[in-house]
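Chemist: model the structure of this input:
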Amino acid sequence: MFIKERISRKTMGNPHLIKYLFIMIIKRFETLIPSVSDFEFSYTRFIWLHSS
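Modeler: Sure, this is the predicted structure:
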């Protein structure tokens, strides 16, 4: 619990670190489920196209 609190407090002021951790989690799932890779790619592409 203490470690989790410390990590969340550390990542609060660093959105790039949160993004990195999120990507790492997705990459971990990609090895387990190949279809996640395609979904994640299309999803991020969708966000990227609509955010720009």
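
Chemist: C-alpha only now, for contacts and for neighbours.
Modeler: Will do.

Chemist: could you list the low-pLDDT ranges of the protein?
Modeler: 1-13, 30, 32-39, 52 (pLDDT under 70).

Chemist: next, count neighbours for residue 16.
Modeler: For residue 16, the neighbour count with other Cα atoms under 10 Å is 11.

Chemist: equivalent analysis for residue 43, please.
Modeler: 12.

Chemist: next up, phi/psi of it, please.
Modeler: Main-chain dihedrals, residue 43, degrees, to the nearest 10: phi -70, psi -50.

Chemist: contacts only, for it.
Modeler: Neighbour list for residue 43: empty [criterion: Cα atoms under 8 Å, 6 or more residues apart in numbering].

Chemist: for it, give its distance to residue 49.
Modeler: 10 Å (Cα to Cα, to the nearest Å).

Chemist: buried set for stretch 17-27?
Modeler: Across stretch 17-27, burial judged by 16 or more other Cα atoms under 10 Å covers residue 26.
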